[in-house]
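Chemist: Sequence below, structure please.
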Amino acid sequence: MAIISSIQIKLLMPILSETGYRLAEIAGLRLEHIDLENELTHIPPRQARRLKTRSSQRTLSLVGYARAAIEQALKH
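Modeler: Residues are numbered from 1 along each chain as shown. Predicted coordinates:
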C-alpha cells in the first residue's frame, strides 16, 4: 500500500488541471520526461502502460501552477 502525503496530493491538482494528463500518466512521469528548461513534459509509451491511442504519445507545455507544482515535487 502506498502512502501519499497531503502535500503530494496538493501538488497533483495543478498538474492534472493545467496539463490535461491522466492520473496514471502523472504517476508514470520520470525525471527524463520533464524538461524544465524548455517548459515541456513528454508522455512516451511504456511497457507497463500502453497508450490509449497513437496521439497519446505527446509533449505538452509545462507552465504556470503545473510548473510550480513539478518544481516543488522535485524538491521532495
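
Chemist: make it CA atoms for all contacts and neighbour counts henceforth
Modeler: Fine.

Chemist: Show me what the one helix or strand E18 maps to is in contact with.
Modeler: Using DSSP states H and E, E18 maps to helix 6-19. The contact list for helix 6-19 (C-alpha atoms under 8 Å, 6 or more residues apart in numbering) reads 21-23, 26, 60-62, 65-67, 69-70, 72-73.

Chemist: How far does that helix sit from its chain's centre?
Modeler: 9 Å (C-alpha atoms, centre = their mean, to the nearest Å).

Chemist: do stretch 58-65 as well
Modeler: The answer for stretch 58-65 is 9 Å, by C-alpha atoms, centre = their mean.

Chemist: Just the buried residues of it, please?
Modeler: Residues of stretch 58-65 classed as buried: 61-63, 65 (neighbour count, 16 or more other C-alpha atoms under 10 Å).

Chemist: first vs last residue of that stretch, how far apart are they?
Modeler: One end of stretch 58-65 to the other measures 20 Å (C-alpha to C-alpha, to the nearest Å).

Chemist: circling back to that earlier point, beyond the helix holding E18, next helix or strand please.
Modeler: Scanning forward in sequence from helix 6-19 by DSSP H and E, the next helix or strand is helix 23-27.

Chemist: Against which helices or strands is that next one packed?
Modeler: In terms of contacts (3 or more C-alpha pairs under 8 Å, 6 or more residues apart in numbering; DSSP states H and E), helix 23-27 is packed against helix 6-19.

Chemist: if we can go back for a sec, how about TSV for the buried residues of stretch 58-65, with distance to H42, pLDDT and secondary structure added?
Modeler: What follows is those, written out as TSV (distance: C-alpha to C-alpha, whole Å; pLDDT from 0 to 100; DSSP: H, G, I helix; E, B strand; the rest coil):
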residue	distance to H42	pLDDT	secondary structure
S61	9	91	strand
L62	10	90	coil
V63	14	89	coil
Y65	17	93	helix
